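In: quick one: sequence and predicted model below, then my questions.
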Amino acid sequence: MPLRYLLQRLSTLLLVLLGVSIVAFSIQPLIPGSPARIRLGVQATDAQVATLERQMGLDRPLPVQYVDWVSGIVLRGDFGESLITNTSVTSEVIRRVPATLGLAFAALLVGLAIALPLGIVSALKPGGKRDLSASVVSQIGVSIPDFWMGILLILLFAETLGWLPATGFEPLSAGLWPALSHLILPAVTAGLISGSIMTRFVRSALLEVLGQDYVRTARAKGIQERRVITKHVMRNAAISIVTIIGLQMATLLSSVVVVEIIFSWPGLGSMALNSTLQRDYPVLQASVLMAAVAFTVINLITDLSYVLLDPSVEIA
């Protein structure tokens, strides 16, 4: 892999993050209300609110605040302090990132467990009963909102059957089963929708490869169908499938906020929502920036994986 290509992609990533940081910081004046008012309460006078805003540094020009914020992140890895709780935003982000990453990765595994079998089955016999069944299942998964899916799963597996906890989070340090039992329902909720989306892309990618001349030639030579699928079809469709997997992983990292709220999952999504409601600008800005970092890094990894899957891909 040429070093020039890697450096070019990293420089592009940095420019994207710079743009996202500007957008994230620009959210501050657009959100109505004042964190000082929320912190002091509705009975506080305007003079008290103005004094607290000066102590928070909110009276300074926005460009000055932005430069201080970015320099703190770049030089010290410091996102600042919460305007509401006075706690370190960096420590809160570090605490919540593993929860969001774990949920997104588990949801992706659930989605792949759905998409790969359904996509392969429907592509091998397009227009047949299996293809129709897979299309119906994927359409249902796409149509049901994630909050409604989560509520249905809670009612069935937590309230009715009592197999799994309805909400909450347990780290791996608490034990494997406590951690998994709390992870299953939110992961399945997000994974069902993700799997339904990926099913269509897997089917489309496989159908495109199945129509190629080399696949027909392999079948004409009498090669076993299983070998044709594994060696020729799946291998050549891998780039398209990896692309949708990377996009879905990036999407899950930035869109599981509803699932996190339903299941009281302490991730970046719920942190972003709470900070918006409380006008806690540093926490909200850190949430947006971390989501952008995750999205761009996953896209970079996806691009680099193309070379490993197909060395003939030009990356100059």
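Out: Arrived safely, thanks for sending.

In: please name the residues that touch A36.
Out: Contacts of A36 were listed using Cβ atoms under 8 Å, 6 or more residues apart in numbering, and they are 44, 49-50, 52-53, 56, 58, 83. All C-beta atoms are positioned from the backbone trio N, CA, C, and that covers glycine.

In: could you identify which of the residues you listed has the most neighbours?
Out: In terms of neighbours by other Cβ atoms under 10 Å, these top out with L83 at 24 neighbours.

In: tell me the phi and psi of that residue?
Out: phi -80, psi -20 (degrees, to the nearest 10).

In: again with T87
Out: Taking degrees, to the nearest 10, you get phi -100, psi 160 for the backbone angles of T87.

In: any chance you could map the helices in the stretch 201-316 of the chain?
Out: Ranges of helices in the stretch 201-316 of the chain, per DSSP state H, counting those that start in this stretch, are 213-220, 225-227, 234-255, 257-262, 268-277, 281-309.

In: please name the nearest non-neighbouring residue to M56.
Out: In this structure, M56 finds its nearest non-sequential neighbour in L83, 5.5 Å apart by Cβ to Cβ, 6 or more residues apart in numbering.

In: same check on A99?
Out: Spatially, and ignoring its direct neighbours in sequence, A99 is nearest to G267 (4.4 Å; Cβ to Cβ, 6+ apart).

In: list the contacts for that neighbour?
Out: G267 sits in contact with 96, 99-100, 103, 256, 260, where contact means Cβ under 8 Å, 6+ apart.

In: so which of those residues sit within strands?
Out: Judged by DSSP state E, the contacts of G267 include no members of strands.

In: tell me which two of those sit farthest apart.
Out: By the measure Cβ to Cβ, R96 and V256 form the most distant pair in these, at 11.8 Å.

In: ok, back up a step: out of the helices of the stretch 201-316 of the chain, which comes closest to L192?
Out: In terms of Cβ to Cβ, the element of these nearest to L192 is helix 257-262, at 10.8 Å.

In: kindly format the C-alpha coordinates of that closest one as PDB.
Out: Listed next in PDB are the C-alpha coordinates belonging to helix 257-262 (Å, rounded to 0.1, in the frame of the first residue of the first chain):
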ATOM      1  CA  VAL A 257     -29.500   7.300  20.100                       C
ATOM      2  CA  VAL A 258     -33.100   6.200  20.100                       C
ATOM      3  CA  VAL A 259     -32.100   2.600  21.100                       C
ATOM      4  CA  GLU A 260     -29.900   3.900  23.900                       C
ATOM      5  CA  ILE A 261     -32.700   6.000  25.300                       C
ATOM      6  CA  ILE A 262     -35.300   3.200  25.200                       C
END
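
In: the residue nearest to M56 and S34 touch, don't they?
Out: No - using Cβ atoms under 8 Å as the test, L83 is too far from S34 to be in contact (9.5 Å).

In: quickly list what's touching both of the two.
Out: R279.

In: shaky segments in the stretch 101-250 of the chain?
Out: The stretch 101-250 of the chain contains no residues with pLDDT under 70.

In: would TSV of the helices of the stretch 201-316 of the chain with mean neighbour count and distance to I193 be doable?
Out: Formatted as TSV, the helices of the stretch 201-316 of the chain follow (neighbours: other Cβ atoms under 10 Å; distance: least, Cβ to Cβ, whole Å):
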stretch	mean neighbour count	distance to I193
helix 213-220	13	31
helix 225-227	10	30
helix 234-255	20	9
helix 257-262	22	9
helix 268-277	21	15
helix 281-309	20	18
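
In: quick one, phi/psi of G80?
Out: phi 90, psi -170.

In: what sits against the residue nearest to it when sequence neighbours are not counted?
Out: Excluding the flanking residues, the one nearest G80 by Cβ to Cβ, 6+ apart is P282, at 4.2 Å. Residues near P282 by Cβ under 8 Å, 6+ apart: 69, 79-83, 89.

In: one more time with 7 Å, if that's ok
Out: 79-83, 89 (Cβ atoms under 7 Å, 6 or more residues apart in numbering).

In: identify the farthest-apart pair in those residues.
Out: F79 and L83 (12.0 Å).

In: how close does A174 get to L17?
Out: 34 Å (Cβ to Cβ, to the nearest Å).

In: give me the most central residue, the chain.
Out: Centroid check for the chain by Cα atoms, centre = their mean gives L253 as the closest residue, at 1.5 Å.

In: I figured that one hits A104, correct?
Out: Yes - using Cβ atoms under 7 Å, L253 is in contact with A104, at 4.7 Å.

In: what distance do you get for T251 to A107?
Out: In terms of Cβ to Cβ, T251 sits 10 Å off from A107.
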